[in-house]
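S.K.: this one's structure only:
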């Protein structure tokens, strides 16, 4: 048989057969005087086996290991490993579908924020703060959603996942305080007014101080543990500040500097 014939017989392509030859999965047959490969039935059997193993999900390197062990012991080991991998994937898919079902329920109820999907905790905080037509408020929510994703990538052993829980727990009482929400909305409006202002605008310093003064002690503690000032000096901080207009970025710098000094005084430094 020629390569096209054996490929059709085994249910694969001629290109796949050539690839299997290159990988050493399938031995090269003898060639006829005209240079064409002469395949026999044994080659078709091996090709069919390769196809069945790949359909089970084995990689070609694993198939090669299986074919190299005539006793079949390697096949059992590889299949057991594959079964374990599939079980883990199945569990992960179930978890993702459960999370998706929750998000769908919230979306259908109109409870999913525009920045979503976010963690349920942050979603409740967004809902408590309520809607706002302030561009700065929208930017702040986007930044919180980003931090929620970044901090939520921990391993759940009290590391970053634990810190995310602490940060969101500290934010929740603020969102439930109508007076604080009104105060924050007012500061958002003043930041909006700085969108086209120069970086030496006289409104910058007082607003930065007011933002720092509005930071509750518990949030300040968590920020100081994460060394917020150092973070703003790094590459991420440069990108973060670059998302603001120049005057607005200067307000944020002033706020962080004031918070850092306040944290040092609280520590007796």
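M.R.: Yep, that arrived. Everything quoted here is computed from the prediction, not taken from an experiment.
S.K.: Residue 212: what's it in contact with?
M.R.: Residue 212 sits next to 254-256, 258-259, 262 when contact means CB atoms under 8 Å, 6 or more residues apart in numbering. In this view, the C-beta of every residue, glycine as well, is placed from N, C-alpha and C.
S.K.: confidence score at it?
M.R.: pLDDT, residue 212: 89.
S.K.: Just to be sure, which of the contacts of residue 212 are found in helices?
M.R.: The helices, defined by DSSP state H, take in 254-256, 258-259, 262 from the contacts of residue 212.
S.K.: Closest one of those to residue 62?
M.R.: Within the ones in helices among the contacts of residue 212, the smallest distance to residue 62 is 52.5 Å, found for residue 256 (CB to CB).
S.K.: any idea which helix or strand comes after the biggest helix by length in the chain?
M.R.: Secondary structure assigned by DSSP H gives helix 73-108 as the longest helix of the chain. Scanning forward in sequence from helix 73-108 by DSSP states H and E, the next helix or strand is helix 120-129.
S.K.: Report the buried residues of that next one.
M.R.: 121-126, 128-129 (16 or more other CB atoms under 10 Å).
S.K.: nearest residue to residue 254 other than its sequence neighbours?
M.R.: Setting aside the residues directly before and after it, residue 254 is nearest to residue 208 in space (CB to CB, 6 or more residues apart in numbering), at 2.7 Å.
S.K.: a helix runs through that neighbour, doesn't it?
M.R.: Yes: remark: residue 208 belongs to a helix, assigned using DSSP: H, G, I helix; E, B strand; the rest coil.
S.K.: Could you count how many residues lie near it?
M.R.: When counting by other CB atoms under 10 Å, one arrives at 20 neighbours for residue 208.
S.K.: cool, and residue 170?
M.R.: Using other CB under 10 Å, residue 170 has 17 neighbouring residues.
S.K.: ditto for the one 5 residues further on
M.R.: Here the neighbour count serves as a burial measure; for residue 175 (other CB under 10 Å) it reads 18.
S.K.: Chain neighbours aside, what residue packs nearest to it?
M.R.: residue 128 (3.6 Å).
S.K.: Distance of the one you found relative to residue 206?
M.R.: In this view, residue 128 and residue 206 are 28 Å apart by CB to CB, to the nearest Å.
S.K.: Ok, residue 84 next?
M.R.: 61 Å.
S.K.: now, the most widely separated pair of the ones in helices among the contacts of residue 212?
M.R.: 254 and 262 (12.4 Å).
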